[in-house]
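Asker: Got a predicted structure plus its sequence, pasted below:
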Amino acid sequence: MFDTKFGIEIEFTGITREKAAKVAAEFLAGEYIEGGTYYDKKKVKTPDGRIWEFVYDGSIRTQVSRGGRRTNADRKYSVEIVSPILTYREDIETLQELIRKMRKAGAFTNATCGIHIHLDGSPHTPRSIRNFINIVASRNDLFYKALEIGRERMHYCKKMDSLLVEKLNKKKPKTMRELEDIWYEGYSESRSRHYHNSRYHFLNLHSFFTRNHTVELRGFNSVLHAGKIRSYIVLALAMNNQALTQKSASSIKPQVENEKFAMRTYLNRIGFVGEEFKNCREHLTKPLSGSSAWRFQVN
């Protein structure tokens, strides 16, 4: 699962886009480039030719910290890092250290900030995409508790639409065109619209059918905690691998008597095994109730 290419978008405030890009340029030994007026983009070109972008996002509540107090700030303080194409084994440590540099420079997040992870869509088939939708739908409630998705962000990462899931499993599309028609059914706006309303779900396929042919997971609050960001990336890669390799997946929600235990066993099943992923398991189970060791309460 770690061979899958991915990209990540991380939203924050506290520092300007220009400062964020210059901090990144210094750390990455890259070249700082003014990217033009569209989204007031700043760029960093690294020695290997890849481009990191720092763009404006209107959904971020811009703030700055002065004297330990956060106050409102202008649009220059809206920052979204858009990474180039990454791979886990080669780039995760660099990404984590870049996040630490941003935090040290004064960046921080608030309830309006999110993280979006884009996964390479090229290996997917109609069957694997249906698997992915069912995987998310069956654990909607558990994922939202584990990831602590707040009410402020629910508009941008809604739970999987039950009508979509029902239609998808009834029709069982055999082609991508059939799958696309089901995804957009019920929307009156043009499918080519960049900010199409279908995109605002935990699992977004609008990016798969248009633009970069990626499967996007949007259900992450933004943080500048390197360990949590790693756990989000591993979760995305593991779920993607599960969708690709599993013969079928059900949308039926399993009975959960113990949230921590249910999440831990699920994570183990999809690849979070061994000491390497101990911290990831801890980050993804900490917000849940119950015991990760025992399914049933021991009296």
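Answerer: Noted; the coordinates are in hand. Residues are numbered from 1 along each chain as shown.
Asker: So what touches stretch 57-71?
Answerer: Applying C-beta atoms under 8 Å, 6 or more residues apart in numbering, the contact partners of stretch 57-71 are 11-15, 39, 72-80, 106, 108, 110-114, 156. C-betas here are computed from N, CA, C, even on glycine.
Asker: So how do I select the buried members of those residues in PyMOL?
Answerer: Under the burial definition 16 or more other C-beta atoms under 10 Å, those of the contacts of stretch 57-71 that qualify are selected in PyMOL by:
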select buried, resi 11+12+13+14+15+39+73+76+77+78+79+80+108+110+112+113+114+156
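Asker: which ones are touching residue 73?
Answerer: Neighbour list for residue 73: 13, 62-64 [criterion: C-beta under 8 Å, 6+ apart].
Asker: Now tabulate those residues in a markdown table and tack on distance to residue 294.
Answerer: Formatted as a markdown table, the contacts of residue 73 follow (distance: C-beta to C-beta, whole Å):
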| residue | distance to residue 294 |
| --- | --- |
| 13 | 41 |
| 62 | 45 |
| 63 | 42 |
| 64 | 46 |
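Asker: Out of the residues you listed, grab the one that's most surrounded.
Answerer: Neighbour count (other C-beta atoms under 10 Å) singles out residue 13 as the most crowded of the contacts of residue 73, with 27 neighbours.
Asker: Would you report which members of the contacts of residue 73 are assigned to helices?
Answerer: Where the contacts of residue 73 are compared with helices, as defined by DSSP state H, there is no overlap at all.
Asker: any idea which of the residues you listed is closest to residue 197?
Answerer: Minimum separation from residue 197 among the contacts of residue 73 (C-beta to C-beta) is found for residue 62, which lies at 24.5 Å.
Asker: List phi and psi for that closest one.
Answerer: phi -80, psi 130 (degrees, to the nearest 10).
Asker: Check the gap between the residue nearest to it when sequence neighbours are not counted and residue 287 for me.
Answerer: Spatial nearest neighbour of residue 62, chain neighbours left out: residue 77 (4.1 Å); criterion: C-beta to C-beta, 6 or more residues apart in numbering. Here residue 77 is placed at a distance of 28 Å from residue 287 (C-beta to C-beta, to the nearest Å).
Asker: follow-up on the earlier one: need the contacts of residue 73 in TSV with distance to residue 44 and pLDDT, can you?
Answerer: Formatted as TSV, the entries for those read as follows, by distance: C-beta to C-beta, whole Å; pLDDT from 0 to 100:
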residue	distance to residue 44	pLDDT
13	19	98
62	21	98
63	24	97
64	22	97
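Asker: so residue 115 sits in a strand?
Answerer: Yes: note on residue 115: a strand contains this position according to DSSP: H, G, I helix; E, B strand; the rest coil.
Asker: Which secondary structure state is assigned to the closest residue to it other than its chain neighbours?
Answerer: Nearest in space to residue 115, with sequence neighbours left out and distances taken as C-beta to C-beta, 6+ apart, is residue 220 at 3.9 Å. At residue 220 the chain is in strand, as set by three-state DSSP.
Asker: can you check residue 7 too?
Answerer: When classified by three-state DSSP, residue 7 comes out as strand.
Asker: State the three-state secondary structure for the residue nearest to it when sequence neighbours are not counted.
Answerer: Using C-beta to C-beta, 6+ apart and skipping residues adjacent in sequence, the residue nearest residue 7 is residue 118, 4.4 Å away. Residue 118 carries the three-state label strand when classified by three-state DSSP.
Asker: Please identify the one among the contacts of residue 73 that lies nearest to residue 47.
Answerer: Among the contacts of residue 73, residue 13 lies closest to residue 47 (C-beta to C-beta), at 29.1 Å.
Asker: Please report how far the closest one lies from residue 113.
Answerer: Going from residue 13 to residue 113 by C-beta to C-beta gives 7 Å.
Asker: do the same with residue 274
Answerer: When C-beta to C-beta is the yardstick, residue 274 and residue 113 sit 31 Å from each other.
Asker: just residue 169 next, same as before
Answerer: Distance of residue 169 to residue 113, computed by C-beta to C-beta: 34 Å.
Asker: Check residue 139 too.
Answerer: 24 Å.
Asker: And residue 285, by the same measure?
Answerer: Going from residue 285 to residue 113 by C-beta to C-beta gives 23 Å.
Asker: what does residue 69 give?
Answerer: Residue 69 sits 19 Å away from residue 113, going by C-beta to C-beta.
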